[in-house]
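Undergrad: I'd like to go over a predicted model; first the sequence, then the structure.
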Amino acid sequence: MTLDTDWVRAQFPAFAEPSLLGQAFFENAGGSYTCKQVIDRLFRFYRQRKVQPYAPYEASTLGGAEMDEARLRMAAILGVAADELSFGPSTTQNTYVLAQAFGQMLQPGEAIIVTNQDHEANTGPWRRLTDRGIEVREWQIDPESGSLNTDDLENLLDDKVRLVCFPHCSNVVGQVNPVTEITALCHAAGAFVCVDGVSYAPHGFADVGALGPDIYLFSAYKTFGPHQGLMVIRRPLGEMLPNQGHVFNGDCLYKRFTPAGPDHAQVAACAGMADYVDAFYAHHIGGKAEATQRGEAVHDLMRAHETNLLQPLLDAVKSRNSVRLIGSSDAAGRAPTVALALNRSGEDVAADLAKQGIMAGGGDFYAGRALAAMGVDMDKGVLRLSFTHYTSQSEMDQLLSALDTVL
């Protein structure tokens, strides 16, 4: 089955925006375009429901119902119970709150494992637990490939380890890690698992229930939605961790780890992401299916399209003497997030690409630990080219032509 690029792009108003015409967007790992379903819901909420929700008058009742709808439908796509999904202001903030909860639960001398493949959001808050006497062990990447080896993880696991944190996908290496395999190893050793899905979720929502981690986090502003962090915490762990919310919310699982009140409008608008998945499924596949099955089918079609576009880009850059491709050159095992170490600053090259109509970024992308471990010159950083399923073949051609000019 082939993805209908014209239909997909028609769902994103940015592609019809005159100020953006002629520019190809390759900084999707920093944040995606927003689909019209989300924009419509956000606009409606601000116009019709911008009151305190859950009161008995109609505008308030409808506002609360839309917030509940977002949680119910997104949880169904993710394959978890509705109250196992929470919304917070960002994934970074959600991770910080979780780290505080674990810091209260763990005892000095117990250990957690983090990686140096991570974006700082899923490693920095956990590393700070050393201040509480918690041992922090680092699962290190291969300095050449940037990959994580499960044999190295097994050498770190023992009866002191209570939590293992790792990314579903790195935001610079691009490697897609085997979440189910890693989770099984950790659970067998008696450790909980926290997966940062921020860099993977833009390429299709995962069936978190099937994958098996205890915590899964991602950012809606990278999955075509508003600026919210979505956080799955499975019930056994969520009920065990100390409440971080208001005392009167302690018995409500999806409120236990949101100390501040939710952004009503943005939570409600997240239902637009589910609208988009359903519309995508209906257009490309059709027929009846459960929400998780629809999400899985949409995920697979998105990934197939991205993989087909990605391989020619990897082939084009891996043979250049002046370019070091970070991560694998095989599109099948990675996300379409391509970091390149060059003989000059990534930011400077991104500025040159902008003159060619290519929107990209340069720097370390909060993944300084990974890049430093791979020997990248941190004064230069990397050029990062990232796309998603709404990217077209013509945009890929435009990128390859621009790279020829600039490099």
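TA: Good, I have the coordinates. Residues are numbered from 1 along each chain as shown.
Undergrad: tell me the secondary structure for residue 362?
TA: strand (DSSP: H, G, I helix; E, B strand; the rest coil).
Undergrad: Next, count neighbours for it.
TA: When neighbours are counted by other C-beta atoms under 10 Å, residue 362 registers 23. For every residue, glycine as well, the C-beta is placed using N, CA and C.
Undergrad: One more: residue 288?
TA: Residue 288 - counted by other C-beta under 10 Å - has 6 other residues nearby.
Undergrad: oh, and call the first residue 92 from now on, that's how I've got it
TA: Yes, from this point I'll number from 92; that puts the last item at residue 379.
Undergrad: Roughly how far does the nearest residue to residue 334 once chain neighbours are set aside sit from residue 291?
TA: Nearest non-adjacent residue to residue 334, counting by C-beta to C-beta, 6 or more residues apart in numbering: residue 341, 4.1 Å away. Using C-beta to C-beta, to the nearest Å, one gets 32 Å for the distance from residue 341 to residue 291.
Undergrad: OK, contacts around residue 261?
TA: Residue 261 sits next to 208, 209, 210, 237, 290, 418, 428, 458, 461 when contact means C-beta atoms under 8 Å, 6 or more residues apart in numbering.
Undergrad: For it, give me phi and psi.
TA: Phi and psi for residue 261, reported as degrees, to the nearest 10, are phi -80, psi 150.
Undergrad: What are the structural domain limits within the chain?
TA: 96-124+383-497, 132-365 (automatic domain parsing).
Undergrad: so residue 347 makes contact with residue 339?
TA: No: using C-beta atoms under 8 Å as the test, residue 347 is too far from residue 339 to be in contact (11.4 Å).
Undergrad: More neighbours: which of those two?
TA: The residue with more neighbours, out of residue 347 and residue 339, is residue 347; 23 against 8, by other C-beta under 10 Å.
Undergrad: Now do the strands in the stretch 342-491 of the chain.
TA: Using DSSP state E, counting those that start in this stretch, the strands of the stretch 342-491 of the chain run over 414-416, 428-433, 449-450, 452-454, 473-477.
Undergrad: so which of those gets nearest residue 262?
TA: Closest approach to residue 262 among those (C-beta to C-beta): strand 428-433, 6.2 Å.
Undergrad: how about low-confidence regions in the stretch 392-498 of the chain?
TA: Within the stretch 392-498 of the chain, no stretch has pLDDT under 70.
Undergrad: any chance you could map the helices in it?
TA: Secondary structure of the stretch 392-498 of the chain (DSSP state H, counting those that start in this stretch): helices at 437-445, 459-464, 484-497.
Undergrad: which of the ones you listed is buried the deepest?
TA: helix 459-464 (a mean of 21; mean count of other C-beta atoms under 10 Å).
Undergrad: hmm, back to that, and the residue nearest to residue 334, how far from residue 351?
TA: Taking C-beta to C-beta, one finds residue 341 at 16 Å from residue 351.
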